[in-house]
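> Turn this into a structure:
(2 chains)
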Amino acid sequence: MTGHIDSIKTYVGVLLALLILTAVTTAVAYVDLGPFSVVVALTIAAIKMLLVALFFMHLRHSNQLTKLVVLGGLMWLGILLALTLSDFATRGWLGVPGK
Amino acid sequence: MADHVDTLELREQFDTAEQQKDASTLGMWIFLITEVMFFGGMFLAYTVYRRAYPDVFAIASSSLNAVIGAINTGVLLLSSFTMVMAVRAAQLGQRKTIILFLTLTLFFGGMFLGVKAYEWNEKFQEHHIPGQAAFHLEGVAPSEQGHAQLFFSLYFAMTGLHALHMVIGVGLLSFLMIQAAKGTYSATYFTPVDVAGLYWHFVDVIWIFLFPLLYLIDRHLGKPL
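Numbering: from 1, shown residues only, chains lettered A, B, ... in the order given. Prediction:
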């Protein structure tokens, strides 16, 4: 086995960071940031996801193939979101002839 | 079977133990990617409807209890921490510590599900169940009540699917505890603990996105009307 055994200190640090970020995202939700509240909420969620994936899921110790598969998977999710939303976002832009 | 020199850490079809471990990890990640796409469809539906009815979604979201949601997020994060500690104990071949941390993970996972059940029950009492004849969300015009039902349909579908994954996770962890008690896992073979850990953390990641998207939309608008 490739022996990457992280220290307890690392895991406790990651846990504390995750709990603090949870408190921050909850508190920030009560502040009026206009359209940026979604951006802030999703940025914090993405940071938390990275912390969990890199440390708890050992992705930073994983081999290249595993990392590639994970990135590829997220790319497919991006395609799903981007193509569907580009449809919904632009439907009203052009009139349909005959309607 | 007895004819093979076939151990748990090195099955016949693999060259090295490391190769076998890498294959298991990769397989689990590929499964998790399919799960990402599974949940991704629901996140997409959520995004489309939130774009369509932003005001109703903000009011409906504010009717959820953000403090309970935040505390439950903390509980789930704690369970992820105890899970990774169980994996660490497995890496070190500490059988009793594995069982201790799996027990703690089950405890926090169960607590999360308990709080979730409490929240769902609250929705029944408040008539916030989509499809209910008595459905009514305060602060939303009668013509918009259907859009509020859409929010709660997504809420129940997404948290319900997430909770189902948690229940499956509880089953997996219980199995691991029995196996650990039997002494199946050692510092050279602990792949099931590792791979179940990946699953448990994945379920955590889904909740990391569900929490802000469902509970925290435009909270600053305050209690509606």
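> now the helices for chain B?
B:17-52, B:54-62, B:66-91, B:95-125, B:145-182, B:191-215 (DSSP state H).
> same for the third one, what does it pack against?
Spelled out, it's helix B:66-91. helix A:8-28, helix B:95-125, helix B:191-215 (3 or more Cβ pairs under 8 Å, 6 or more residues apart in numbering or on different chains; DSSP states H and E). All C-beta atoms are positioned from the backbone trio N, CA, C, and that covers glycine.
> deepest of those helices, which one?
helix B:191-215 (a mean of 23; mean count of other Cβ atoms under 10 Å in any protein chain shown).
> other SSEs contacting that one?
Under the contact criterion of 3+ Cβ pairs under 8 Å, 6+ apart, helix B:191-215 touches helix A:8-28, helix A:36-51, helix B:17-52, helix B:66-91, helix B:95-125, helix B:145-182.
> Heading C-terminal from the shortest one, find the next helix or strand.
The one in question is helix A:36-51. Sequence-wise, the next helix or strand downstream of helix A:36-51 (DSSP states H and E) is helix A:64-90.
> Which other helices and strands does that next one contact?
helix B:17-52.
> what about the helix it packs on and chain A, touching?
Yes - Helix B:17-52 comes into contact with chain A (Cβ under 8 Å from any Cβ of the partner chain), by way of B:17-18, B:21-22, B:25-26, B:29-30, B:32-33, B:36-37, B:40-41, B:43-44, B:47-48, B:51.
> so what's B:F151 up against?
Contact partners of B:F151, counting by Cβ atoms under 8 Å, 6 or more residues apart in numbering or on different chains, are B:49, B:53, B:56-57, B:60-61.
> Output those residues as TSV; include the columns neighbour count and distance to A:T26.
Output for these, formatted as TSV (neighbours: other Cβ atoms under 10 Å in any protein chain shown; distance: Cβ to Cβ, whole Å):
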residue	neighbour count	distance to A:T26
B:Y49	18	23
B:Y53	18	24
B:V56	24	22
B:F57	23	18
B:A60	26	18
B:S61	22	13
